[in-house]
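Novice: Predicted model, plus sequence, below.
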Amino acid sequence: MLVALAGGVGAARFLRGLARVLPPTEITAVVNVGDDTELHGLRISPDLDTVLYTLAGAINAETGWGLTGETWTVMEALEKLGGLTWFRLGDKDLATHFFRTQRLAEGETLSEVTRQLTRAWGVDVHLVPVSDDPVRTRLQLVGGPEIAFQEYFVRLHHDVAVSGVRFDQAESARPAPGVLDAMATASSIVVCPSNPVVSIGPILAVPGISEVLAARREQIVAISPIVAGAALKGPADRLLTELGFESSVVGVARWYASWVGTLVIDEADAALAPAVEGEGIRCIVAPTIMSTVERAASLAQTVLDTHGD
């Protein structure tokens, strides 16, 4: 069994490729919940939904989030009323949030609801939130207030400087049932090409996770989300720089060094492989840009080969 730490579009694309080269039932994806929010009275889990929709073959390929063939009747009507519409929810996507909110109100856990959603969508990969308890990513703006993740990422288009990141309520959160056991017993653990700060950071912030991962360091391989000094999508490069790290594969290696044994970097960064290994991490050079599902599958196979699976 393989465990993948996941958050964001890069993780979703990698998992889609991984499910091509490994039986989906052998994959457990532990997904970030730091992006979760409540809007219009609804509980929204963006990373869980992006992974779910991608694995179901229903993701909007143009945006990397939401559903293909989406319509926007509710948002358009809400906009006419002067309601909050900076966080766009499509008509079909709303059904997921209605369902999740209802089930949680009835007393079910986020893990249980996620299991029901994966079954309904015909997804065999085991998706599990890192915690059933609230963990909320908050960012301190330079010269400004501390704001919630979705305000930073969506409303402000992550186009503002950040001086700090914290994970609210993480200290009182517990790993979701089965998460620690899965990490402790997995044949290998993969850190998807996700934002190290705001996708992987909230996972590590849940008590007990970091300790288990540190003990499995030699079985952990991460894929760099930084290629040629830049993030392919999102603010990972800027966040690394703003928090005092290089926006490079070396910066990623330094961020992960204490608990990741191997880092896969893109061919564009091959010259930096010795510097990556200078951080105490084994380095593998391979094509990492997942422009097609076939390329994602090839990257996944590289990862499996690294572990000898």
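Specialist: Received it, and whenever you're ready, just let me know what you need.
Novice: so where do the helices sit in this protein?
Specialist: 8-21, 46-55, 73-80, 91-105, 110-121, 149-150, 179-185, 201-205, 209-215, 236-242, 249-256, 273-277, 293-307 (DSSP state H).
Novice: Isn't residue 161 up against residue 152?
Specialist: No - at 10.7 Å, residue 161 does not count as touching residue 152 under the criterion of C-beta atoms under 8 Å. C-beta here means a position set from N, CA and C on the backbone, and glycine is covered the same way.
Novice: higher neighbour count, the two?
Specialist: Legend: neighbour count by other C-beta atoms under 10 Å for residue 161 and residue 152, higher for residue 152 (23 against 14).
Novice: Show the contacting residues for that one.
Specialist: Neighbour list for residue 152: 139, 141, 158, 160, 162 [criterion: C-beta atoms under 8 Å, 6 or more residues apart in numbering].
Novice: If we use 10 Å, what do you get?
Specialist: Residue 152 makes contact with 137-139, 141, 146, 158-160, 162, 165, 198, 235, 239 under the criterion C-beta atoms under 10 Å, 6 or more residues apart in numbering.
Novice: Ok, residue 208 next?
Specialist: The neighbourhood of residue 208, defined by C-beta under 10 Å, 6+ apart, consists of 131, 173-175, 179-180, 183.
Novice: among those residues, who's most crowded?
Specialist: Ranking these using other C-beta under 10 Å puts residue 131 first, with 29 neighbours.
Novice: Check the contact between that one and residue 173; I expect there is one.
Specialist: Yes - between residue 131 and residue 173 there is a contact at 4.3 Å, judged by C-beta atoms under 10 Å.
Novice: Now do the shared contacts for these two.
Specialist: Joint contacts of residue 131 and residue 173 (C-beta under 10 Å, 6+ apart) are 33, 202, 205-209.
Novice: Greatest separation within those: which pair is it?
Specialist: The span of the shared contacts of residue 131 and residue 173, defined through C-beta to C-beta, is set by 33 and 208 at 15.3 Å.
Novice: can you redo the helices of the chain as a markdown table with distance to residue 28 and mean pLDDT?
Specialist: Formatted as a markdown table, the helices of the chain follow (distance: least, C-beta to C-beta, whole Å; pLDDT from 0 to 100):
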| stretch | distance to residue 28 | mean pLDDT |
| --- | --- | --- |
| helix 8-21 | 11 | 96 |
| helix 46-55 | 12 | 97 |
| helix 73-80 | 34 | 97 |
| helix 91-105 | 20 | 97 |
| helix 110-121 | 12 | 98 |
| helix 149-150 | 24 | 96 |
| helix 179-185 | 5 | 97 |
| helix 201-205 | 13 | 98 |
| helix 209-215 | 13 | 97 |
| helix 236-242 | 24 | 93 |
| helix 249-256 | 20 | 96 |
| helix 273-277 | 27 | 97 |
| helix 293-307 | 15 | 93 |
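Novice: Please name whichever of the ones you listed is nearest to residue 191.
Specialist: With C-beta to C-beta as the criterion, residue 191 lies closest to helix 249-256 of those, at 7.1 Å.
Novice: Just the CA atoms of the closest one, as PDB, please.
Specialist: The C-alpha coordinates for helix 249-256 follow below in PDB (Å, rounded to 0.1, in the frame of the first residue of the first chain):
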ATOM      1  CA  VAL A 249      14.600  22.800  -6.000                       C
ATOM      2  CA  VAL A 250      17.300  23.500  -3.400                       C
ATOM      3  CA  GLY A 251      14.900  25.500  -1.400                       C
ATOM      4  CA  VAL A 252      12.400  22.700  -1.600                       C
ATOM      5  CA  ALA A 253      15.000  20.200  -0.500                       C
ATOM      6  CA  ARG A 254      15.900  22.400   2.500                       C
ATOM      7  CA  TRP A 255      12.200  22.700   3.400                       C
ATOM      8  CA  TYR A 256      11.800  18.900   3.400                       C
END
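Novice: next one: it to chain centre, how far?
Specialist: Distance of helix 249-256 from its chain centroid, counting by C-alpha atoms, centre = their mean, to the nearest Å, is 17 Å.
Novice: Tell me which other helices or strands it touches.
Specialist: Counting contacts by 3 or more C-beta pairs under 10 Å, 6 or more residues apart in numbering; DSSP states H and E, helix 249-256 is packed against strand 220-223, strand 226-227, helix 236-242, strand 262-265, helix 273-277, strand 282-285.
Novice: can I get these in JSON lines with mean neighbour count and distance to residue 88?
Specialist: Shown next, in JSON lines, are these (neighbours: other C-beta atoms under 10 Å; distance: least, C-beta to C-beta, whole Å):
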{"stretch": "strand 220-223", "mean neighbour count": "25", "distance to residue 88": "29"}
{"stretch": "strand 226-227", "mean neighbour count": "23", "distance to residue 88": "28"}
{"stretch": "helix 236-242", "mean neighbour count": "21", "distance to residue 88": "22"}
{"stretch": "strand 262-265", "mean neighbour count": "24", "distance to residue 88": "33"}
{"stretch": "helix 273-277", "mean neighbour count": "17", "distance to residue 88": "38"}
{"stretch": "strand 282-285", "mean neighbour count": "18", "distance to residue 88": "38"}
